Structure formats: C-alpha cells, structure tokens
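Engineer: need a 3D model of the following:
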Amino acid sequence: MSRKQEKTILNTIIVDDCVEVMNQMEENSVDLIFADPPYNLQLGEALTRPDNSSVNGVYEEWDNFESLAEYDEYTRRWMSAARRVLKDDGALWVIGSYHNIFRVGYILQDLGFWILNDVIWNKTNPMPNFKGTRFTNAHETLIWACKNPNSHYTFNYEAMKALNEDTQMRSDWQIPLCTGKERLKDKNGEKLHPTQKPEALLYRVIMASTKVGDVVLDPFFGTGTTGAVAKKLGRNFIGIEKDANYAAGAQARIDTVERVKSELCLEYSSKKRQPRIPFGNVVERGLLNPGDILYDASRKHCAVVRSDGTLKNEEMEGSIHQVGAAAQNVAACNGWVYWYFEDENKELVSIDVLREQLRAEL
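Structural biologist: Numbers count the residues shown, from 1 in each chain. Below is the predicted model of the structure:
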C-alpha cells in the first residue's frame, strides 16, 4: 500500500486475513501493535458447571489448530508481518494465556524483538475451575516488546504513575473481566465474541506506550476494544478482522465513541519532556544569590548557596542533590523538592518554584 492508501485505512476496520493485509501495508508505518491472537486453547470436551449448565468456552474455528507445530508456524507468519509494519521505535503488545504465551514469547525473541516487560493481568472476577482439578486460572500475560535493544520506544512513565495515584505502576494489573453493558451481544443476546477484552486493559496499554495522534494496529480486532479506546484517547487505529460479524459489531461500537474534544484533556504528565534547568541558572539569574541559606522543610538542615551553584554545609559541599542526600544520610535525593528558601515573610518556599519560573521563560 502507498502512503495515500495507508491514510485511507486509518480508523477503519479491514475485513480480511491479517497476514495478507499487513504484508501489503507500508513498512515501518505503525507506532504500536496490540495483538490478541488465537490462544489455541485445546479445550476438548464441553465444559459444564456443577448444575450441568454449559460454560461458554472458546470453540470457534479460528482458535483450532491441528498441532502445536501448525500454531507455531501461524504465529511466526503473523508476527513477521507485524514486525515488518512496525516502526523501528514502535512497540508490540501481545496477550495470551498459559496455553500459548510461552510459545509466543519464544518465537517473538527468535524474530529479534526485545522484551521490555511481561505484565500480569490479574482478573478480579475470574471464571471458577468447575471441575476442581486445577487452580482457578485467574490471570493472563501480556508481553511488551520493541523491535531491538536500541529502539527509542515510547513509555509515558509519569502518566502511568499519575494514573496510579502517584505511585510507580507495577507489572501486575488488577482489572476485572469484560462484563455488563461493555460486553457486546449478538441478536440472540449471547456474547458476540468469547474473549472480548476490557477497555480498562487497553486504556493502560495505549496510555503507556503511545502519544496523541499515533497509529495503533490491532491485527485480531475482534469486537474493537483497541479501536474504541484509541479513538477515545485521540490515537488513530487500524483494525484487521477476518470475521465480518465481529467487524460489524466493532464498527457499531466505535461509532458510538466520542473522541475527547479538548486537546488539553489529552495531555498527560511527562517530566522527561520538560527542559533541564541547572541550579546554577537560578543563581546566575539572581533568583537566589551567593550566601543565601537553603533549608529542608523542617529547618533541621541548612546549607549556604555558593557562586558556582553548589551548596556547602558543615559536613560537605556539592550539588543541591548531593548535599541533600548527605543531610538525610541516603543514597540519592532530588534537591529541587528537598530544599527551600525563605521569602520576604520568612516563609519557606520550595526552590522548585524557581525552576518552573525559568522553564516558563523558555
């Protein structure tokens, strides 16, 4: 496909085989791929509850493979095609269960991908193990990878930390299964798709590893969770789905989603994007002067500002970070948030205010 053709498939669902479509797309053209491939569940006989009612497992033709070798060969084909269209600084997320994720991870590494994390999706409302022959299968695994160790992939660390109440987000995510109104139904009121993923899961994936306006490709689009969340968050999507019924349900779903209208609402925290300001700039601009005293929040420790932008106290001299760490007897310290100066009313003010003042002038 040419660049012009690529633009025409943005924010659309292509009803076709994903390998064939990806092999026709332009190389290095998408920023993120989220793949929810067949799991090859190998369920065998029908599952029943203790009351003999049937459990809706995954018995669809698309999840059946004659052998593990056939499944491996299919995985190599779709993953090779995905690697071809992924930008050098893009990333791939692939999800699976114990049935397939280890084979998927092995093949992924064989093809040259570099694994960044494996994330555990802990289902807060998992389906019980009705037979009582195994542990309740309460999680799935997501692998997050880039094309090679030198890829400059996107990771919105500060945004994910903010999403998690200013605590560094871990690699185990507590998210319930897709239920209720979010679950798409067919004309008979049955689940349209047996493995529809919750929007909360895709929200984290897309927020973590894309920027506004990026292109997210989902080669196993299903009921369109990736497209719905991408649209909501101001990203573009390309969906590929072989089953026309799934595609129709996904399109109807996405049509009801409203993109956030205000670009300001799509912005997110990212301290890495802010320009670095040396403390020496504060001194040379006269916002603080040599001889001024800095204090910690409790006034237990203090240090004098020197003309070269370093600090000195009774124990040592060095940067705002080094002296702050020494004062606390810790290995590291962010001096910008540790030190305060006195204003004209003798009130303590964080020196970080001065850094933000200089950043605002850039």
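
Engineer: pLDDT below threshold where in the stretch 151-300 of the chain?
Structural biologist: Applying pLDDT under 70 to the stretch 151-300 of the chain picks out residues 262, 264, 269-273.

Engineer: tell me where it has strands.
Structural biologist: Under the criterion DSSP state E, counting those that start in this stretch, strands of the stretch 151-300 of the chain are mapped to 172-175, 215-218, 236-240, 293-295.

Engineer: among these, which is nearest Ala138?
Structural biologist: Nearest to Ala138, of all those, is strand 172-175, at 10.5 Å by CB to CB. The way it works is simple: take the backbone N, C-alpha and C, and place the C-beta from them, glycine included.

Engineer: list the buried residues of the closest one.
Structural biologist: By 16 or more other CB atoms under 10 Å, the buried positions in strand 172-175 come out as 173, 175.

Engineer: by contact count, what packs against that strand?
Structural biologist: When contacts are defined as 3 or more CB pairs under 8 Å, 6 or more residues apart in numbering; DSSP states H and E, strand 172-175 packs onto strand 114-123, helix 199-209.

Engineer: partners of that strand in the sheet?
Structural biologist: strand 114-123 (parallel) (DSSP bridges).

Engineer: list the buried ones in the partner strand?
Structural biologist: Quick answer for strand 114-123 (16+ other CB under 10 Å): 116, 119, 121, 123.

Engineer: distance to Tyr338 added to the helices and strands packed on strand 172-175, as a markdown table?
Structural biologist: As requested, the helices and strands packed on strand 172-175 are arranged in a markdown table below (distance: least, CB to CB, whole Å):
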| stretch | distance to Tyr338 |
| --- | --- |
| strand 114-123 | 31 |
| helix 199-209 | 29 |
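
Engineer: and Glu73, how far is that from Val19?
Structural biologist: Applying CB to CB, to the nearest Å, the value for Glu73 to Val19 is 11 Å.

Engineer: ok, the two, which is more surrounded?
Structural biologist: Between Glu73 and Val19, counted using other CB atoms under 10 Å, the more crowded position is Val19 (17 against 12).

Engineer: ok but the more buried one is inside a helix, no?
Structural biologist: Yes: residue state for Val19 (DSSP: H, G, I helix; E, B strand; the rest coil) corresponds to a helix.

Engineer: tell me the pLDDT at it?
Structural biologist: pLDDT for Val19: 97.

Engineer: so what's it up against?
Structural biologist: Val19 makes contact with 77-78, 81 under the criterion CB atoms under 8 Å, 6 or more residues apart in numbering.

Engineer: the protein: helices as residue ranges?
Structural biologist: Here the chain has its helices, by DSSP state H, at 3-8, 18-24, 68-85, 101-110, 157-163, 199-209, 225-232, 244-255, 279-284, 320-328, 335-338, 352-360.
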